[in-house]
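**Student:** just the structure for this:
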Amino acid sequence: MIKVLGIPFDANSSFLKGTFMAPDRIRLMEKEGSANCFSEYGTEIIENKSHNDLGNLIFTGNDSKNAFNIIKEYIATHIGNNDKMLCLGGDHSITWPIIEAFSEKFDSLNILHFDAHTDLYENFENNLYSHASTFARILEVGKIRSLTQVGIRTLNTHQRNQIKRYGVSVVEMKNFTFDFIKTLKDPLYISLDLDVLDPAFAPGVSHHEPGGISTRELIQIIQSVKNNIVGADIVEYNPVRDVHSTTAMVAYKIFKELIAKMSEYPVDELQNNQVAS
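**Tutor:** Numbering: from 1, shown residues only. Take a look at the predicted model:
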């Protein structure tokens with residue numbers, strides 16, 4: 001069964017707050033949005049059939065270290081029985097503890113990261129937990145097999161050096177093609193920052209960065225992935241900046257497509273294949 005978890009934490013956002021409200025707003029689209037509950041290929045996305053919604057984690061304050069431990073321990077507990085998990089953030093810092101938990105279960109985890117930004121700053125504004133440093137924290141411990149970043153369009157010198165240092169595969173928007181899909185490996189975790197989309201498609205994000213991919217292109221990528229997706233997150237939706245729930249509907253649409261794609265392969269099939277190889 002795929003488990004869904006809301007992680008309403010945004011203390012590590014470097015610009016605007018508000019993403020803590022995202023999980024419930026995205027869920028609301030199932031009832032108050034304009035769409036039905038089916039993915040484009042016909043999978044019905046409803047609780048207790050396609051997934052089990054665990055509700056939201058509760059945080060009593062904004063302490064980042066405490067939040068990290070809460071997230072990691074909860075995730076580790078709930079993926080222990082070959083269950084997959086899709087998390088709704090929250091700012092992108094929540095991905096670090098999630099990946100910590102997944103990397104302890106899968107010793108060769110691969111990450112597909114959609115974003116306008118690399119989030120590879122070694123130390124952003126003296127906050128090691130910053131959402132701008134998430135993937136630097138993940139990579140520095142050496143537990144990840146590969147990281148592929150798609151949609152990047154904000155590179156500076158430091159980030160280019162970090163890409164070289166950690167051997168990251170980057171698909172910049174100025175060179176965007178779908179070719180990277182064929183290079184992805186199992187097991188795969190998908191981390192989706194909604195600002196990978198052009199602001200015309202997703203205005204409800206804290207960091208507007210023109211020149212991103214379209215909603216259609218993002219859906220096409222997800223539908224084309226042939227790998228076993230063991231986990232995923234959707235982060236950085238900020239209802240404060242949304243217009244008529246446009247971005248909430250985009251997030252709900254992507255949520256349905258991810259659940260449908262994650263349903264194609266069970267985790268135990270992946271583990272059996274690893275044993276056989």
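**Student:** the closest residue to His158 other than its chain neighbours: neighbour count?
**Tutor:** Nearest residue to His158, sequence neighbours excluded (CB to CB, 6 or more residues apart in numbering): Tyr121, at 6.8 Å. (Each C-beta comes from the backbone N, C-alpha and C, glycine too.) Neighbours of Tyr121 under the rule other CB atoms under 10 Å: 23.
**Student:** run through the helices of the stretch 151-277 of the chain in chain order.
**Tutor:** All helices of the stretch 151-277 of the chain, identified by DSSP state H, counting those that start in this stretch, fall at 157-166, 215-224, 246-262, 267-276.
**Student:** looking at those, which is nearest to Asn62?
**Tutor:** Comparing the helices of the stretch 151-277 of the chain against Asn62 with CB to CB, the closest turns out to be helix 246-262 (23.5 Å).
**Student:** what is the closest one packed up against?
**Tutor:** The contact analysis (3 or more CB pairs under 8 Å, 6 or more residues apart in numbering; DSSP states H and E) places helix 246-262 against strand 2-7, helix 22-32, strand 84-89, strand 188-193, helix 215-224, strand 229-235.
**Student:** could you list the buried residues of it?
**Tutor:** 247-262 (16 or more other CB atoms under 10 Å).
**Student:** report the rounded mean pLDDT for it.
**Tutor:** For helix 246-262, mean pLDDT rounds to 98.
**Student:** what about that helix, distance to the chain center?
**Tutor:** 12 Å (CA atoms, centre = their mean, to the nearest Å).
**Student:** do the same with stretch 245-263
**Tutor:** Using CA atoms, centre = their mean, the offset of stretch 245-263 from its chain centre is 12 Å.
**Student:** one more: stretch 27-41?
**Tutor:** Offset of stretch 27-41 from its chain centre (CA atoms, centre = their mean): 20 Å.
**Student:** for it, C-alpha coordinates in PDB please.
**Tutor:** What follows is stretch 27-41, C-alpha atoms only, in PDB (Å, rounded to 0.1, in the frame of the first residue of the first chain):
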ATOM      1  CA  ARG A  27      -6.000  17.300  -0.200                       C
ATOM      2  CA  LEU A  28      -8.900  19.800  -0.400                       C
ATOM      3  CA  MET A  29      -8.800  19.700  -4.200                       C
ATOM      4  CA  GLU A  30     -10.200  16.100  -4.100                       C
ATOM      5  CA  LYS A  31     -13.400  17.600  -2.700                       C
ATOM      6  CA  GLU A  32     -13.500  21.200  -3.800                       C
ATOM      7  CA  GLY A  33     -11.500  21.100  -7.000                       C
ATOM      8  CA  SER A  34     -12.800  20.700 -10.500                       C
ATOM      9  CA  ALA A  35     -11.300  17.300 -11.300                       C
ATOM     10  CA  ASN A  36     -12.300  13.700 -10.700                       C
ATOM     11  CA  CYS A  37     -10.300  11.100  -8.800                       C
ATOM     12  CA  PHE A  38      -8.700   9.300 -11.800                       C
ATOM     13  CA  SER A  39      -5.200   9.400 -13.200                       C
ATOM     14  CA  GLU A  40      -5.000   9.900 -17.000                       C
ATOM     15  CA  TYR A  41      -4.400   6.200 -17.600                       C
END
